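K.L.:
Here you go, sequence then predicted model.
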Amino acid sequence: MAPVTSPPDPAKVTDPPPGRYSSDAAGLGRLRAGAFVAPALALIAVFLVFPALWVIYLGLMNYRLTGLAAADPKFVGLDNFLQAISDPGFWDSTWLTFQFVLGSAVIGQVLLGFTIAWMLRDWRGPLKRIVEGLVILAWILPSAVVSFLWVALLDRDSGTLNALLGIEGFAWLLDHPMLSIIIFNTWRGTAFSMMLYGAALGNVPPSHLESARLAGASGWQQLRDVVFPHIRGHILTNLLLISLWTFNDFSPFLLTAGGPDGKSEVLAVHVYKTALQSGDLGYGAAISTVILLINLVVAVFYLRLLRSKR
Amino acid sequence: MTRFVAGRIGVYTLIAVLLAFFTIPLLWLATAPFTSDPSYEVRLPDFTFENFQMIIEHPYALWSLVNSLVLSIGTAVLVVVLSALAAYALSRVRLPGRDALLYALLLLSSIITGTAAMVPLFQLAIELNLIDSHTGLILILSGGLLPAAIFMIKDFMDTTPKSYEESARVFGASPLQIVAHVVVPLVRPGLATIAVWTVANVWGNFLMPYLLLSDVDKQPAAVIMYTLYTEGGQANLKVLSTFGLLYSIPVVIMYLFVSKKYGFRFHGGIKR
Amino acid sequence: MAAIELKGLTKVYPGGVKALDSLDLSIPDGEFFALLGPSGCGKTTLLRTIAGLETATGGNVVIGDRDVTGVQPGGRDIAMVFQDYALFPHMDVTENISYPLRIKKVAKAQRQAKAGEVGARLGLEQLMDRRPGQLSGGQQQRVALARVMATQAKAFLFDEPLSNLDARLRLEARTFLKKLQRELGVTTVFVTHDQAEALAMADRMAVMEAGHIRQIGTPSEVFQRPANTFVASFIGSTPMNLLDAVVRGDTLEVAGCEVPVPALAAGLLTDGEKIVYGVRPEYMTYTDEPADGSLSGEVIIVENLGASHLVTLEVAGVLVQAVVPEGREPALGDRGHAVPRGDRALAYRDGELVSA
């Protein structure tokens, strides 16, 4: 039996609990919004966050790719980390990585990127597009292709570079592997810095430069007194990002595979070789954890910087 | 005046050196595919097309390009759909913990790189039986690209005025109608950017497929390219050069498309 | 068509900011009603709460004879024009105008016929295939109006409908909008920060400050008898003279001069009381000759208003302004006398108008 109710009096003002529906722009509501976010978060959780946490756990086990320890891994505590610290191979690799980041990113890409952006700042027309296009081309082509292009370029017997320089038989990749990958990575990655500085220089108010020029400032003085103060934030952003990327770059593997004799084995390649070629997953995971921590420090600096800018 | 002239000459010399530095490594890719007997050295091509014939006959080359395409498109669809849904909800609804979540996403996307996570990802793929599976690789690649994609597309949505959605809402449109009629058309350029960004990333990615696909029939072009020049005796430069060119062309076309259509706008982290 | 009734309407934002503080307001059927106030006063929040885009924290919104407080915006039978018009950039004018009908599942042919009809009424016939990006500001505004007209809603809400137009177009659009509203006869509430716009267009208006309504009335009432000093100083293109005064029997002592007690306050003031004496520059008569009950001082500024001049006198250290017809403006440094109109002068006690 339905309870007997009088028809609602239209003029009577009832007091419905307000806020019964969502007040976001599309009326989506939290429940549906949650459903929108969930699939992406699930994928990130399983394939990004979980591996990052798992790598720490793996670092504490004596996992191996094959053999007895693969079937029955044991907890070994900090042994893997201690092994890394006492392993000269790890320290060599860290030192090479430092050279790689400093040489190709901090010095090579930043200087070259800024120089190109500065020279081209007032240019219009085809020459500017050609220069920019080539620099960007080096950046966007697949790493497997450009790596081989450099293998061909630096080849000892019939490479184009030796032919141009007239020094037949100079083995760049064998005798100077670090120099080779540093120059290669400078060539490969300059586009990002060039574009970032190009955008930054576009934001320097022309009136500031003009007033400096009216005051008789030289090119260098304009750079120092007007341009750098304006783009200081961009320089820092640029430095942190490309250092992070270069630190994690795997493409030296494609060029030298860490060789010869580990002379260009940066950490990214070192992890691959110890964990997946030699099969020592536990030790590889310990080094991965160290890489994660270094990434974390750089990223936190970067995010701090972003926040302080807002 | 002489100083000015000297300066000009200096600038042009520097430009010429830079042009040479950036051009010379690329020359080989432009000439060798059209040379009948290519060596490592750059030489004037004799404009033959018979090298392309070898590619068609090669057992893995063309298939690897198809594999690259499958991986790229699959990842792009997944990343675009999931990041757009998530970014829209995060942009428009004040979910509890939203700011912390966004901060965490930004942090994660920059610290968990392929290099740092290759060991656990390899282990995970074994445990989940995802080795030699395109689906598995697509899921793993999407997981890595999603945080940055969500960030970029949310930025885009934040700058889109809410009044469009509110207007549709006042006319009685349901949330899903609003998304379909108003939001998706409005953010289409942003979605296209994310799609191109994802395709470019996956197309060029070497480490993950190298790690997770051992079946040569399933490997994408990046891995085949590497195999071609590292494995087994003297590399076949005819195949290598032609294959490298075919593998590179889609990237160049995409770049030209993006820069023409949207003007190569600067996104902080367009490439990882 | 429907009346709008607000009862004890309150809106508190998360974080405790009270945007609307227990507002009561009733807008009869067919009225053109303005919500006026400085930015941040809550007028837009009020409009959006009527629309349902903001949920009320307390109180009720009644449209027609239906309490819609808990009803979604789409179910309230209202239509809204946004400040930026919110025309969908990916749809042409026809699709934009007929979008509300598409939501109501009206057949396509019927939709297009209706859009064509409404568009023609607003002079958009030649533009029906264009995208919003190809239209001028004035044309965009008319498309937005056409879109709300196509809805057959019971009430229209306009958020700053003229603010995106340039100054000359704004005057034309003002006249056009008022004429259109009269013809349609649909209850319309609009928000503006421009007092001239509210005075010109509205049948009645509410002046708001900090989440409160400070006065409701017709434009004439609000202009001639501002209920408090806030409204007095906010309304009017030249600010009202608000001068400290002391009651001396039948007269007021203002800046060392004696003026008669305002007619409205006659018999309501006590001797020796301190009040604020208010009179608009437009209600001052300026003379060169000394006159009874005038405020006398030196002319320090003369501003050209076009057909008249705004003259500023310094009277014993206090600035007093009067509007002088063209051709009668004094020279700087002259000694001038401004005689307030007794029936338009006002007295404020503690900021509130003194009247019977």
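P.N.:
Right, received. Where do you want to start? Quantities reported herein were computed from a predicted structural model and do not represent experimental measurements.
K.L.:
could you show me where the strands are in the stretch 101-250 of chain B, in order?
P.N.:
Counting by DSSP state E, counting those that start in this stretch, the stretch 101-250 of chain B has no strands to list.
K.L.:
Next, count neighbours for residue 142.
P.N.:
I'll assume chain A. The number of residues packed near A:Pro142 is 23, by other Cβ atoms under 10 Å in any protein chain shown. Using the backbone N, CA and C atoms, a C-beta is placed for each residue, glycine as well.
K.L.:
wrong chain, I was asking about chain C
P.N.:
C:Arg142: 23 neighbours (other Cβ under 10 Å).
K.L.:
Give me the three-state assignment for it.
P.N.:
Counting by DSSP: H, G, I helix; E, B strand; the rest coil, the backbone at C:Arg142 sits in helix.
K.L.:
what's near enough to touch it?
P.N.:
C:122-124 (Cβ atoms under 8 Å, 6 or more residues apart in numbering or on different chains).
K.L.:
And these, which is closest to A:Asp175?
P.N.:
Proximity of the contacts of C:Arg142 to A:Asp175 (Cβ to Cβ) peaks at C:Leu124, which lies at 76.3 Å.
K.L.:
With adjacent residues omitted, what lies nearest to whichever residue of chain B sits closest to chain A?
P.N.:
At 2.8 Å from chain A, B:Gly143 is the closest residue in chain B, using Cβ to the nearest Cβ. Nearest non-adjacent residue to B:Gly143, counting by Cβ to Cβ, 6 or more residues apart in numbering or on different chains: A:Phe47, 2.8 Å away.
K.L.:
Touching, the one you found and B:Leu145? I think so.
P.N.:
No: at 10.2 Å, A:Phe47 does not count as touching B:Leu145 under the criterion of Cβ atoms under 8 Å.
K.L.:
And the next helix or strand past the longest helix along chain C?
P.N.:
Taking DSSP state H as the criterion, chain C has its longest helix at helix C:167-184. Remark: after helix C:167-184, the chain's next helix or strand is strand C:187-192, criterion DSSP states H and E.
K.L.:
quick one: pLDDT of residue 194?
P.N.:
Because you didn't say which chain, this covers chain A. A:Met194 carries a pLDDT value of 92.
K.L.:
wrong one, chain B
P.N.:
Residue-level confidence at B:Ile194 comes out at 89, pLDDT.
K.L.:
Helices along the stretch 1-150 of chain C, start to end?
P.N.:
Using DSSP state H, counting those that start in this stretch, the helices found in the stretch 1-150 of chain C span residues C:43-51, C:93-103, C:108-121, C:137-149.
K.L.:
Just give me how far the first one sits from the chain centre.
P.N.:
Spelled out, it's helix C:43-51. 15 Å (Cα atoms, centre = their mean, to the nearest Å).
K.L.:
so what does that helix touch, helix or strand wise?
P.N.:
Packing partners of helix C:43-51 (3 or more Cβ pairs under 8 Å, 6 or more residues apart in numbering or on different chains; DSSP states H and E): strand C:4-12, strand C:18-27, strand C:32-36, strand C:58-63, strand C:78-81, strand C:155-159, strand C:187-192.
K.L.:
Ok, which of those comes nearest chain A?
P.N.:
Here strand C:58-63 is closest among the helices and strands packed on helix C:43-51 (Cβ to the nearest Cβ), at 5.0 Å.
K.L.:
how much distance is there from the closest one to the middle of the chain?
P.N.:
23 Å.
K.L.:
wait, does that strand contact chain B?
P.N.:
No: Strand C:58-63 lies out of reach of chain B by Cβ under 8 Å from any Cβ of the partner chain, never closer than 12.8 Å.
K.L.:
quick one: average confidence on that strand?
P.N.:
When pLDDT is averaged over strand C:58-63, the result is 91.
K.L.:
on that earlier part again, pretty sure the residue of chain B closest to chain A contacts A:Ala40?
P.N.:
No: counting by Cβ under 8 Å, B:Gly143 sits too far from A:Ala40 to count as a contact (9.2 Å).
K.L.:
host element of C:Asp244?
P.N.:
Secondary structure assignment for C:Asp244, by DSSP H and E: strand C:241-248.
K.L.:
so what strands line up beside that strand?
P.N.:
Next to strand C:241-248 in the sheet, as set by DSSP bridges, lie strand C:251-254 (antiparallel), strand C:274-279 (antiparallel).
K.L.:
Can you say which of those is packed in most?
P.N.:
strand C:274-279 (a mean of 22; mean count of other Cβ atoms under 10 Å in any protein chain shown).
K.L.:
B:Leu141 - nearest residue in space that isn't next to it in sequence?
P.N.:
B:Thr75 (4.8 Å).
K.L.:
hang on, that neighbour packs against B:Ala200?
P.N.:
No: under the criterion of Cβ under 8 Å, B:Thr75 is not in contact with B:Ala200, lying 10.9 Å apart.
K.L.:
okay, the two: which has more neighbours?
P.N.:
B:Thr75 (27 against 21).
K.L.:
mind checking the backbone torsions on the residue in the stretch 101-250 of chain B that chain C sits nearest to?
P.N.:
Relative to chain C, the nearest point of the stretch 101-250 of chain B is B:Gly172 (3.1 Å; Cβ to the nearest Cβ). As for B:Gly172, its main-chain torsions (degrees, to the nearest 10) stand at phi 100, psi 10.
K.L.:
Distance check, A:Ser180 against A:Trp187.
P.N.:
Distance of A:Ser180 to A:Trp187, given as Cβ to Cβ, to the nearest Å: 11 Å.
K.L.:
what's the overlap in contacts for those two?
P.N.:
Residues touching both A:Ser180 and A:Trp187 by Cβ under 8 Å, 6+ apart: A:Trp150.
K.L.:
Show me which of those two is the more surrounded one.
P.N.:
Higher neighbour count among A:Ser180 and A:Trp187: A:Trp187, with 25 against 22, using other Cβ under 10 Å.
K.L.:
Tell me the spatial nearest neighbour of the more buried one, not counting adjacent residues.
P.N.:
Of all residues not flanking A:Trp187 in the chain, A:Ala138 sits nearest, at 5.6 Å (Cβ to Cβ, 6+ apart).
K.L.:
Quick check: which element contains that neighbour?
P.N.:
Following DSSP H and E, one finds A:Ala138 within helix A:126-140.
K.L.:
Check which helices and strands that helix sits against.
P.N.:
Judged by 3+ Cβ pairs under 8 Å, 6+ apart, helix A:126-140 is in contact with helix A:110-119, helix A:177-202, helix B:2-31, helix B:237-261.
K.L.:
mind giving me the domain split of chain B?
P.N.:
Here the domain assignment for chain B is B:2-48, B:60-261, based on automatic domain parsing.
K.L.:
Pick the most deeply packed of those.
P.N.:
Burial of these is given as mean neighbour count (mean count of other Cβ under 10 Å); domain B:60-261 ranks first at a mean of 20.
K.L.:
Report whether the host helix or strand of A:Leu43 contacts chain B.
P.N.:
Following DSSP H and E, one finds A:Leu43 within helix A:29-44. Yes: legend: contact between helix A:29-44 and chain B by Cβ under 8 Å from any Cβ is shown at A:29-30, A:32-34, A:36-37, A:39-41, A:43-44.
K.L.:
Show me what from chain C comes close to chain B.
P.N.:
C:51-53, C:72-76, C:78-80, C:82-84, C:86, C:88-90, C:99-100, C:102-104, C:151.
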